[in-house]
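Enquirer: One predicted model, sequence on top.
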Amino acid sequence: QVQLAESGGGVVQPGGSLRLSCAASGFTLDDYDIGWFRQAPGQVREGVGCIRSVAYDATTMYSDPVKGRFTISRDNAKNMVYLQMNSLKPEDTAVYYCASDCNDEASLWGQGTQVTVSS
């Protein structure tokens, strides 16, 4: 079965860090651009960043609100993509999703993982 699954969410204080994981089953992540998105309550889903496929040198891109704080990486041996989030702010609170493309028309999405930044 082809699927994505996020993990690693939780509650963290402002200024803290979390690392989210995106695991794939049934296909190889190397071959795909993988996007990270988030959706806060009452808000539209927004792109956080993206890592291109290995064929495109795993180039990364980030949205302005997270640039310099978030880092996306791949572990090809584990078939995983990670979202390292540092210097977290309350406005980063959202459900985070990984998807099988850099845009929100991706065909495959994970179930999401909740990140709450609160003191």
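Expert: Thanks, I have it. Residues are numbered from 1 along each chain as shown.
Enquirer: Name the residues of stretch 100-109 that are buried.
Expert: By neighbour count with 16 or more other Cβ atoms under 10 Å, stretch 100-109 contains the buried residues 100, 102, 106, 108-109. To be clear about C-beta, it is placed using only N, CA and C from the backbone, and glycine gets the same treatment.
Enquirer: Among the residues you listed, find me the one that's closest to F70.
Expert: C102 (14.6 Å; Cβ to Cβ).
Enquirer: Return the distance of the closest one relative to S118.
Expert: From C102 across to S118, the span is 29 Å (Cβ to Cβ, to the nearest Å).
Enquirer: gap between the two ends of stretch 42-50?
Expert: Using Cα to Cα, to the nearest Å, one end of stretch 42-50 lies 23 Å from the other.
Enquirer: Show residues contacting it.
Expert: Here stretch 42-50 makes contact (Cβ atoms under 8 Å, 6 or more residues apart in numbering) with 33-39, 60-63, 66, 70, 72, 83, 94, 96-97, 102-104.
Enquirer: Return the residues in contact with Y62.
Expert: Applying Cβ under 8 Å, 6+ apart, we find Y62 in contact with 48-49, 70, 72.
Enquirer: May I have the beta-bridge partners of it?
Expert: Under the criterion DSSP bridges, Y62 forms beta bridges with G49.
Enquirer: Please identify which helix or strand holds the residue positioned nearest the centre of the chain.
Expert: Nearest residue to the geometric centre of the chain (Cα atoms, centre = their mean): W36, 3.2 Å. Per DSSP states H and E: W36 is located in strand 34-39.
Enquirer: Please list the members of the buried residues of stretch 100-109 that lie in helices.
Expert: Residues of the buried residues of stretch 100-109 located in helices (DSSP state H): none.
Enquirer: could those residues go into CSV alongside distance to A23 and pLDDT?
Expert: Formatted as CSV, the buried residues of stretch 100-109 follow (distance: Cβ to Cβ, whole Å; pLDDT from 0 to 100):
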residue, distance to A23, pLDDT
S100, 13, 96
C102, 19, 95
A106, 16, 93
L108, 12, 96
W109, 13, 97
